[in-house]
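>>> Fold the following, please.
(2 chains)
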Amino acid sequence: ETGVTQTPRHLVMGMTNKKSLKCEQHLGHNAMYWYKQSAKKPLELMFVYSLEERVENNSVPSRFSPECPNSSHLFLHLHTLQPEDSALYLCASSPSGTGGNEQYFGPGTRLTVT
Amino acid sequence: GQNIDQPTEMTATEGAIVQINCTYQTSGFNGLFWYQQHAGEAPTFLSYNVLDGLEEKGRFSSFLSRSKGYSYLLLKELQMKDSASYLCAVRADSNAGKSTFGDGTTLTVKP
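Modelled structure (predicted):
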């Protein structure tokens, strides 16, 4: 049990669909993150929220829209995705957005765009 | 920009010692992390170095030299379950979660 859960674990969607990924952390952390992990590529940081405020947006296309309603929940809303968006989407949390605190990762959502 | 280099693959024998190197060139430095990721699973935290020197945690140790932009992860008494990908990540500044990950080193432990 990592303390960070993600749903769904697997998702197949068409390019015209709208879906949302959900992440929940049970660790009392203040910062949450979305990463994209594609085959043979390093982890790519997409968004960072610290105390429910977005502090990082790494030039992610607008078809990805994050939402952080509170410090325990993080969503990634998806619409009109492309096949190249197929990847493992990992959520993570850390005790604080600053300092050397390590990140705790969820199990990820394996997304396939058809 | 940020640049992190790790070997792509390594192979070692059960019971042996292996050293996985990581070199980095970043616009700033506020700590280096090592994570372990088994196939199909999420990364898990192994170590954090912000000062020069060696940090030891059981069978795993991590070393940092800031002047050389260099770190290594040392795994002793290798076990089959240590077969995984090892990710080096550098926090360039103190901003929230601004860590850049290397491509990872896939370690295969053979009997």
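
>>> before we move on, which element is the residue lying closest to B:T44 once chain neighbours are set aside in?
Of all residues not flanking B:T44 in the chain, B:Q36 sits nearest, at 5.4 Å (Cβ to Cβ, 6 or more residues apart in numbering or on different chains). C-beta: built from backbone N, CA, C; applies to glycine. Taking DSSP states H and E as the definition, B:Q36 sits inside strand B:32-37.

>>> Now do that strand: distance to the chain's middle.
A distance of 5 Å separates the centroid of the chain from that of strand B:32-37, by Cα atoms, centre = their mean, to the nearest Å.

>>> Now do the residue nearest to B:T44 against A:T109, distance only.
With distances taken as Cβ to Cβ, to the nearest Å, B:Q36 is found 20 Å from A:T109.

>>> Chain A against chain B: which residues are in contact?
Taking Cβ under 8 Å from any Cβ of the partner chain, the part of chain A that reaches chain B is made up of A:2, A:4, A:31, A:33, A:40-45, A:48-50, A:55-56, A:90, A:92, A:94, A:96-100, A:102-108.

>>> Filter those residues down to the buried ones and hand me the PyMOL line.
The buried residues among the residues of chain A next to chain B can be selected in PyMOL (16 or more other Cβ atoms under 10 Å in any protein chain shown) with this line:
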select buried, chain A and resi 2+4+31+33+42+43+44+45+48+49+50+56+90+92+94+97+98+102+103+104+105+106+107+108
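
>>> Sort out for me which of the residues of chain A next to chain B are in helices.
Using DSSP state H, no member of those falls in helices.

>>> Out of the residues of chain A next to chain B, which sit inside strands?
Among these, the residues falling in strands (DSSP state E) are A:4, A:31, A:33, A:44-45, A:48-50, A:55-56, A:90, A:92, A:94, A:104-105.

>>> wait, what's in contact with the residue lying farthest from the centre of chain B?
Going by Cα atoms, centre = their mean, the residue of chain B most distant from its centre is B:P111, 23.0 Å out. Shown in contact with B:P111 (Cβ atoms under 8 Å, 6 or more residues apart in numbering or on different chains): B:T13, B:E14, B:M80.

>>> lowest-pLDDT helix or strand in the chain?
Just going to use chain A. strand A:53-57 (a mean of 75; mean pLDDT, DSSP states H and E).

>>> Switch to chain B, please.
strand B:99-101 (a mean of 85).

>>> Does that one pack against any helices or strands, and if so which?
Judged by 3 or more Cβ pairs under 8 Å, 6 or more residues apart in numbering or on different chains; DSSP states H and E, strand B:99-101 is in contact with strand A:44-50, strand B:84-91.
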